[in-house]
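K.L.:
Quick check, what structure comes out for this input:
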Amino acid sequence: MTPDDIIEMAKEAKLPYEYDTGRVVYLTELERFAALVAAAEREKVAAWMIKKGLATGHGDSTEDLLTELDWQIREQERKACAKVQEFVCSTGFCRFTLTQTDVGIKDAQAIRARGEQ
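P.N.:
Have a look, this model is predicted:
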């Protein structure tokens, strides 16, 4: 959040301003308050991620945390796809021939390998 964002929100909230300069009254305090609110929101997101067993990475902002969360979700989905592919092919669940089963296992290995790149 930039200082201009804070000033714009202060004007939108109709906070008092100086008539001669147009400067929002107590702007320094308002910026400090906005930083505290942003930090509290970041901590809320980080606590949720930790509660769900997700890493919070090295994010200093809520956007950083959400980027980390997005990556972790994609990684979990990729691993789940590999497990399903391997299970289906190794159990003969879909009545594959041996050759098709081998191909399915190789598909599962390829899915796992994508996560290592």
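K.L.:
where does the protein have low pLDDT?
P.N.:
58-59, 85, 88-117 (pLDDT under 70).
K.L.:
Residue 54 against residue 69, yeah?
P.N.:
Yes. Counting by Cβ atoms under 8 Å, residue 54 touches residue 69, with 6.3 Å between them. Yep, even glycine has a C-beta here, placed from its N, CA and C like the rest.
K.L.:
Find the helix or strand that the most centrally placed residue in the chain is a member of.
P.N.:
The residue lying closest to the centre of the chain (Cα atoms, centre = their mean) is residue 66, at 2.1 Å. Using DSSP states H and E, residue 66 maps to helix 62-91.
K.L.:
Domain map for the chain?
P.N.:
1-53, 70-117 (automatic domain parsing).
K.L.:
and residue 8, how many neighbours?
P.N.:
12 (other Cβ atoms under 10 Å).
K.L.:
which helices and strands sit right next to the helix or strand where it lies?
P.N.:
Element membership for residue 8, per DSSP H and E: helix 3-12. Under the contact criterion of 3 or more Cβ pairs under 8 Å, 6 or more residues apart in numbering; DSSP states H and E, helix 3-12 touches helix 27-51.
K.L.:
Give the buried residues for the helix it packs on.
P.N.:
Residues 27, 30, 31, 34, 42, 45, 46, 49 are the ones in helix 27-51 that count as buried (16 or more other Cβ atoms under 10 Å).
K.L.:
any idea how far residue 80 is from residue 86?
P.N.:
11 Å (Cβ to Cβ, to the nearest Å).
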